[in-house]
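Student: can you look at this prediction? I've put the sequence above it.
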Protein chains: 2
Amino acid sequence: MTKDATTPRERYRSQVRAEIVEQAWKQVATAGASALSLNAIAKQMGMSGPALYRYFASRDDLITELVREAYRSLADTLRAAAAAGADLAGLAHALRDWALADPQRYFLVYGTPVPNYHAPEDTTAVSAEIMTILVDACAALAPAGPPTPFDAHLADHRDWAGDHPAPPAALRRFLAFWTRLHGVLSLELAGHFTGMGFDPALLFAAELDDLLALPR
Amino acid sequence: MTKDATTPRERYRSQVRAEIVEQAWKQVATAGASALSLNAIAKQMGMSGPALYRYFASRDDLITELVREAYRSLADTLRAAAAAGADLAGLAHALRDWALADPQRYFLVYGTPVPNYHAPEDTTAVSAEIMTILVDACAALAPAGPPTPFDAHLADHRDWAGDHPAPPAALRRFLAFWTRLHGVLSLELAGHFTGMGFDPALLFAAELDDLLALPR
DNA sequence: CGGGGATCGTGATAAGTTCTAACTAACTCA
DNA sequence: TGAGTTAGTTAGAACTTATCACGATCCCCG
């Protein structure tokens, strides 16, 4: 996959690695990332505990791989949606579907940081790609109304947007898009809406409508 | 505190309990709730491990107490702000200050659910009080514009608001208030804005401005 | 004011966890 | 075929939560 392993040794190695990651995803999906146990994975694969350390240097290394995969998965999903002609609303629903498909995967990326663990360096590249896709969609919308004071601040602090030609209003719209949808999604996935009776999907749609109508 | 302990036995007991909770907060503040260790707390108090089980039946019981305290603390903070005449903007800044004062405490309440743990029953009452305070402030604002489809949905699913006399538009404004500010706060506290260059406080303020100007 | 009983803290123990070290067995390659 | 690399094993250290049995202490009541 990463490097066409001609030798059967490396082929076997990457296959076992993939199965470890697969089992890890099963555990994460049911119990969350903090409850990930190398011993349990090994037991379920018919191997004994320390054997996994041939494939991952530590538990954190395994979690890092999961985080990387999650970022890549989200980037792929959004890129595919954008390539299929999805506008900002379509990207929003792609994001929501991706989050609902595996809440723990969403938490792994955007939730409370896992203790004793900090993200690897190369996730920032994928994270930047996700932002670029969304900023593109934001810039494609009709420009918003008069510039706000926050727009002025963004015009001076837009290094994170790289050399993206989007105007500050588009960056501001992207930030609103990101934070508002994350607000609804994370509270919904964390179960804070359960028992309140209303439909979270409608709240998500209402927030999205407000975002698309943003030029006030 | 909870029950005026006249007997010295109960007084000592509640005192030790309070010190355990205090040490627990220190640990949570530095390493997060998942990294809370009963042994480490005991060691730091000069006691040996199992002694803590006289005061808390399990680790989850201790976390439950922390969650309860966090909820109560936030409710107290917001109630005090409201009693001091704070409007919705004032409540928003009180919320932000409370969150920034101890990010892990915020995550304990509104973050990714702690694995192998679900919230106790009586937190719902405090949670309801928090919502009531915010809904009050939302209802005090000038009524929003034409009713949205989501307003109609809320009119039919407002059991969570109890017998609060707020109109659906106020409930809708509360939900936007809650989810949008949580979106900015949780991403900021989780460190997703670090390295992007802009000032999260200004984003928070911009979102708040948009909320207050909501009648479009 | 002393005895009886509830309570507190301890060490030992069980069943987990991550992770290291040493060893064996198997496979690959020259 | 022999040498070298690598996979997987068991053993063990240093942790964790949690239970149990025992001794010591303190408090209440007669």
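Tutor: Cool, got the structure.
Student: ranges for the helices of chain A?
Tutor: If DSSP state H is used as the criterion, the helices of chain A fall at A:8-31, A:38-44, A:59-83, A:88-101, A:103-110, A:123-140, A:149-156, A:168-189, A:200-212.
Student: mean neighbour count, distance to B:T123 and mean pLDDT added to those, as a markdown table?
Tutor: In this view, the C-beta of every residue, glycine as well, is placed from N, C-alpha and C. Below are the helices of chain A laid out as a markdown table (neighbours: other C-beta atoms under 10 Å in any protein chain shown; distance: least, C-beta to C-beta, whole Å; pLDDT from 0 to 100):
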| stretch | mean neighbour count | distance to B:T123 | mean pLDDT |
| --- | --- | --- | --- |
| helix A:8-31 | 15 | 22 | 93 |
| helix A:38-44 | 16 | 31 | 96 |
| helix A:59-83 | 18 | 29 | 97 |
| helix A:88-101 | 18 | 25 | 98 |
| helix A:103-110 | 22 | 20 | 97 |
| helix A:123-140 | 18 | 34 | 95 |
| helix A:149-156 | 17 | 35 | 96 |
| helix A:168-189 | 24 | 15 | 97 |
| helix A:200-212 | 19 | 20 | 97 |
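Student: relative to B:G191, which of those is closest?
Tutor: helix A:103-110 (11.1 Å; C-beta to C-beta).
Student: can you tell me if that closest one touches chain B.
Tutor: Yes. Against chain B, helix A:103-110 shows contacts by C-beta under 8 Å from any C-beta of the partner chain at A:107, A:110.
Student: what residues does that helix touch?
Tutor: A:25, A:28-29, A:32-33, A:63, A:66-67, A:70-71, A:73-74, A:98-99, A:114, A:182, A:185-186, A:189, B:112, B:187, B:190, B:192 (C-beta atoms under 8 Å, 6 or more residues apart in numbering or on different chains).
Student: domain ranges for chain A?
Tutor: As assigned by automatic domain parsing, chain A contains the domains A:1-56, A:64-212.
Student: the last one and DNA strand C, any residue contact?
Tutor: Same thing as domain A:64-212. No. With C-beta under 7 Å from any atom of the strand as the criterion, DNA strand C is not reached by domain A:64-212; the gap is at least 8.6 Å.
Student: what about A:W178, distance to A:I130?
Tutor: As judged by C-beta to C-beta, to the nearest Å, A:W178 and A:I130 stand 9 Å apart.
Student: could the domains of chain A go into CSV alongside distance to B:A86?
Tutor: Shown next, in CSV, are these (distance: least, C-beta to C-beta, whole Å):
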stretch, distance to B:A86
domain A:1-56, 36
domain A:64-212, 22
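Student: CSV for the ones you listed, including distance to DNA strand D?
Tutor: Compiled in CSV, these are given as follows (distance: least, C-beta to the nearest atom of the strand, whole Å):
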stretch, distance to DNA strand D
domain A:1-56, 4
domain A:64-212, 12
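Student: list the contacts of A:R96.
Tutor: A:181, A:185, A:201, A:204.
Student: quick check: nearest residue in space to the last one, chain neighbours excluded?
Tutor: Taking C-beta to C-beta, 6 or more residues apart in numbering or on different chains, and ignoring the residues beside it in sequence, A:F204 has A:V184 as its nearest neighbour in space, at 5.0 Å.
Student: and that neighbour, what is it in contact with?
Tutor: A:200, A:203-204, A:207, B:179, B:183.
Student: turn those residues into TSV, including distance to B:Y12.
Tutor: As requested, these are exported to TSV (distance: C-beta to C-beta, whole Å):
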residue	distance to B:Y12
A:P200	47
A:L203	49
A:F204	51
A:E207	52
B:T179	45
B:G183	45
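Student: still on that earlier bit, quick check: the farthest pair among the contacts of A:R96?
Tutor: Within the contacts of A:R96, A:L181 and A:A201 form the most distant pair, 12.3 Å apart (C-beta to C-beta).
Student: once you drop chain neighbours, what's closest to the residue in chain A that chain B sits nearest to?
Tutor: Among all residues of chain A, A:G183 sits closest to chain B, at 2.7 Å; criterion: C-beta to the nearest C-beta. Among residues not flanking A:G183 along the chain, B:G183 sits closest, at 2.7 Å (C-beta to C-beta, 6+ apart).
Student: try A:L62
Tutor: Using C-beta to C-beta, 6+ apart, the closest residue to A:L62 is A:F56 (4.5 Å).
Student: next one: the closest residue to A:A92 other than its chain neighbours from B:E10, what distance?
Tutor: Distances taken as C-beta to C-beta, 6+ apart put A:L208 closest to A:A92, at 5.1 Å, once the chain neighbours are dropped. Going from A:L208 to B:E10 by C-beta to C-beta gives 54 Å.
Student: how about the residue nearest to A:L62, what does it touch?
Tutor: With C-beta under 8 Å, 6+ apart, A:F56 has these contacts: A:17, A:20, A:38, A:62, A:65.
Student: now stretch A:24-40, how far from the centre of its chain.
Tutor: 18 Å (C-alpha atoms, centre = their mean, to the nearest Å).
Student: who touches that stretch?
Tutor: Outside stretch A:24-40, the residues that touch it by C-beta under 8 Å, 6+ apart are A:41, A:49, A:52, A:56, A:59, A:62-63, A:65-66, A:102, A:104-105, A:107-108, A:114-115, B:34, B:112-116.
Student: so is that stretch next to DNA strand C?
Tutor: Yes. For stretch A:24-40, a contact with DNA strand C is found by C-beta under 7 Å from any atom of the strand, at A:36-40.
Student: which two of these have the greatest separation?
Tutor: A:L36 and A:N39 (10.3 Å).
Student: ok, back up a step: which of the contacts of A:R96 sits closest to A:A169?
Tutor: For the contacts of A:R96, the nearest to A:A169 is A:L181 (18.3 Å; C-beta to C-beta).
Student: in space, what's closest to that closest one - neighbours in sequence excluded?
Tutor: A:A92 (6.0 Å).
Student: quick one: contacts for that neighbour?
Tutor: A:177, A:181, A:204, A:208, A:211.
Student: please apply the same query to A:T194.
Tutor: Per C-beta under 8 Å, 6+ apart, neighbours of A:T194: none.
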